[in-house]
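K.L.:
Need a 3D model of the sequence below.
(one chain, ligands or ions: 1)
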Amino acid sequence: MAPIRLGIIGCGIAANKLHWPALQKLKEQFEVTMVCNHTEPKAKTFAQRVGDVPYVLQYEQLIEDPKVEAVSIMLPVELNYQVTKAALKAGKHVMLEKPLAVDTGQGKSLLDLTNASDKICMVAENFRYRPVYQTVRQLLEEKRLGRVYSMQWNVFNKITADNPYANTSWRINHKYEGGFVTDAGVHNIAVIRDLFGDITQGFAQSQSVNPKIGAIDQLQFLFKTHQNIHGQLNLNYSSTGCNENRLLISGSAGSLEIHHNRITISDNKGGKQTFTDDHDDGGYAAQYFDFYNAIRHDQPVKSSFYEGLMDLQTILSALQAAKGGRVIAFH
Ligand code: NAP
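P.N.:
As a prediction, this is how the structure comes out:
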């Protein structure tokens, strides 16, 4: 079957560091036929990098081009709605980077557009495809922890001015609530929802420690999920002295700890088992493979616009709960 003729819109960090390495593993599935960036040096450099393909500076030109069958959109989040709408109107399949939109209103409009279209739309939420969380899912389904009752997730990072992500003006002058808490936190919400069900109620606190990286850089979120699992998500992007990504899941037969890519199960009898996946590429290739199977083989995508909207709505509801300092019902 012919590879999908892919147009890439936005030639920044995600395109260069995350999507292109994944696409290189999928040469039979995708051929990049055109790229777009509104500033020429980035467009030109990326076009050369991906095989000397044509580049344009206006996304409308790429979207209208018959050489392009599907688009991958990696732009400042505030452009997601208008570019996706234009791409669907032009009859292109869409892979759109997370978070889905700047707010739930635009997110719902995007969902309506995709529901009215026969084109494939997916949110590039790579955490849904990360091997480490697939392994966790399998272990939970095998009941290795017995009945799961709680989870705690600590994400402690220090984002400073020299961090490449902090050098993208749209992240610092963000047009969506929550700054890094939303842009990065949707990843954690996607995993929590996938493993434990929708969040039904929660309480949260937020604050800003370093205003140079956006309006908010800390969120502590206490919640309950549809499966009645009690959870806590601590996001801290101005951490000092500690760099940690640790998820602890507790059940009646033992506990499971995920520290970066390493999973450790400790059972009630003192047994310990560790799994490390050194090949976890972040799930980017699997995400593209899902997009391919949906377009060429009519399969449903795992990371639909609906899931992207629910992830966004959840993190924004947590931020809303933090503002009001009260418990709110989520769904
Ligand atoms: P970025 O480096 O700023 O890339 C965005 C690119 O879009 C820049 O090259 C920018 O050019 C270009 N651009 C801006 N306005 C444009 C327009 N109207 N038309 C065409 N090009 C335009 O940001 P990023 O880090 O790649 O993030 C892009 C998206 O990917 C965001 O949704 C982000 O949340 C997501 N992302 C996801 C992950 C993940 O792990 N899944 C990781 C990183 C980013 P200039 O810089 O010249 O203005």
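K.L.:
what does the stretch 51-200 of the chain have sitting close to the ligand?
P.N.:
Within the stretch 51-200 of the chain, the positions near the ligand by C-beta under 6 Å from any ligand atom are 59, 74-77, 79, 97-98, 124, 126, 168, 183. Placement of C-beta: from N, CA and C, glycine included.
K.L.:
hmm, who's touching stretch 163-181?
P.N.:
Contacts to stretch 163-181, defined as C-beta atoms under 8 Å, 6 or more residues apart in numbering, come from residues 12-13, 76-78, 99, 101-103, 159-161, 182-183, 185, 206, 212-219, 235, 237, 315-316, 319.
K.L.:
circling back: can you tell me which of the residues of the stretch 51-200 of the chain next to the ligand end up in strands?
P.N.:
97, 124 (DSSP state E).
K.L.:
So for the residues of the stretch 51-200 of the chain next to the ligand, which is the shakiest by pLDDT?
P.N.:
On pLDDT alone, residue 168 ranks lowest of those, at 94.
K.L.:
For the ligand, what's its nearest residue on the stretch 151-300 of the chain.
P.N.:
Proximity to the ligand, evaluated over the stretch 151-300 of the chain using C-beta to the nearest ligand atom, is greatest for residue 168 at 3.7 Å.
K.L.:
just the chain next, same as before
P.N.:
Taking C-beta to the nearest ligand atom, the chain has residue 12 as its residue nearest the ligand, at 2.0 Å.
K.L.:
if I pick the residue lying closest to that residue once chain neighbours are set aside, what's in contact with it?
P.N.:
Leaving aside its sequence neighbours, residue 12 sits nearest to residue 74 (C-beta to C-beta, 6 or more residues apart in numbering; 6.5 Å). Shown in contact with residue 74 (C-beta under 8 Å, 6+ apart): 8-12, 14-15, 19, 97, 124.
K.L.:
Go again with 10 Å.
P.N.:
8-16, 18-19, 37, 80, 95-97, 124 (C-beta atoms under 10 Å, 6 or more residues apart in numbering).
K.L.:
List only those of those flagged as buried.
P.N.:
Among the contacts of residue 74, the ones that count as buried by 16 or more other C-beta atoms under 10 Å are 8-12, 14-16, 18-19, 37, 80, 95-97, 124.
K.L.:
which secondary structure element contains residue 202?
P.N.:
According to DSSP states H and E, residue 202 maps onto strand 199-207.
K.L.:
avg pLDDT for that strand?
P.N.:
95.
K.L.:
what helices or strands is it leaning on?
P.N.:
helix 180-196, strand 218-225, strand 230-236, helix 305-324, strand 328-329 (3 or more C-beta pairs under 10 Å, 6 or more residues apart in numbering; DSSP states H and E).
K.L.:
what do you get if the cut-off is 7 Å, keeping everything else the same?
P.N.:
Here strand 199-207 touches strand 218-225, helix 305-324, strand 328-329, going by 3 or more C-beta pairs under 7 Å, 6 or more residues apart in numbering; DSSP states H and E.
K.L.:
mind putting these in a markdown table, mean pLDDT included?
P.N.:
Below are these laid out as a markdown table (pLDDT from 0 to 100):
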| stretch | mean pLDDT |
| --- | --- |
| strand 218-225 | 97 |
| helix 305-324 | 95 |
| strand 328-329 | 70 |
